[in-house]
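In: any chance you can model this:
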Amino acid sequence: MRKLIGVTVLSAIALSLPQAAQAQRRATSAGMGGAEHELGVDIGVAYTKPSNVSGGITIQTPFDVRFGFVPSRGNMMWEPRVTLNFSTVGGTTTYLFTPDVNVLISNTPGGHRRGMYFTGGGGLVMGDLGRGTGTALELNGGIGWRKPYGSAAWRYQVGVQWVSSSTNLAPFADYFAIGGSIGISLWH
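Out: Residues are numbered from 1 along each chain as shown. Sure, this is the predicted structure:
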């Protein structure tokens, strides 16, 4: 587990160094027609396999909200995301709050409006399911495509996700999932 986290952190740093060095140069023009941020929402479906039990299909709703920082140069984009699941049933209130950060690497420099990209990242799954609070680690990776739609773009993505164990978050922790999502992206 420590080795996996260490490799993930070192990979993120290694991918960030060229972008950080390039950011020290003076930008001559903004990419994507002046757009500096991407705002999007997604909904997804996945096959989820918790440890010690049979797996099944999950529909990931409500959707997640993402906010990307579009680079003026280069092909790497940082994207913080957040998901909030909240319910009150039978007098028990439960919630899951999942903030994470991903890096998107476009297949072509300046190609964040269309085309293929690779993504990877991690975050936390924090919540209270009525029997105590808990936190778990989440790592993910995938491949996606953007297809322009007027001034926006449809965004399709397939990938994998792993969530570490947490006693108070079962069954929302200690699982491996493979699936896909569809969403829409807007630029500002």
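
In: ranges for the helices of the chain?
Out: Taking DSSP state H, the helices of the chain run over residues 2-23.

In: for it, what helix or strand is lowest in average pLDDT?
Out: helix 2-23 (a mean of 50; mean pLDDT, DSSP states H and E).

In: where does pLDDT dip in the protein?
Out: Filtered on pLDDT under 70, the chain yields the residue ranges 1-34, 60-63, 109-110.

In: show me what the strand ranked longest in the chain is packed against.
Out: If you go by DSSP state E, the chain has its longest strand at strand 133-149. Counting contacts by 3 or more Cβ pairs under 8 Å, 6 or more residues apart in numbering; DSSP states H and E, strand 133-149 is packed against helix 2-23, strand 92-106, strand 115-128, strand 152-163. The way it works is simple: take the backbone N, C-alpha and C, and place the C-beta from them, glycine included.

In: in that strand, what counts as buried?
Out: G134, A136, L137, E138, L139, N140, G141, G142, G144, R146 (16 or more other Cβ atoms under 10 Å).

In: any idea of the angle it forms with strand 92-106?
Out: Orientation check (axes from the mean of the first three to the mean of the last three Cα atoms, to 10 degrees): strand 133-149 against strand 92-106 gives 50 degrees.

In: would you mind getting the angle between strand 133-149 and strand 115-128?
Out: Going by the same axes, to 10 degrees, strand 133-149 makes 160 degrees with strand 115-128.

In: can you list the strands that strand 133-149 pairs with?
Out: strand 115-128 (antiparallel), strand 152-163 (antiparallel) (DSSP bridges).

In: distance to A170 and mean neighbour count added to the ones you listed, as a markdown table?
Out: Below are these laid out as a markdown table (distance: least, Cβ to Cβ, whole Å; neighbours: other Cβ atoms under 10 Å):
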| stretch | distance to A170 | mean neighbour count |
| --- | --- | --- |
| strand 115-128 | 11 | 18 |
| strand 152-163 | 11 | 18 |
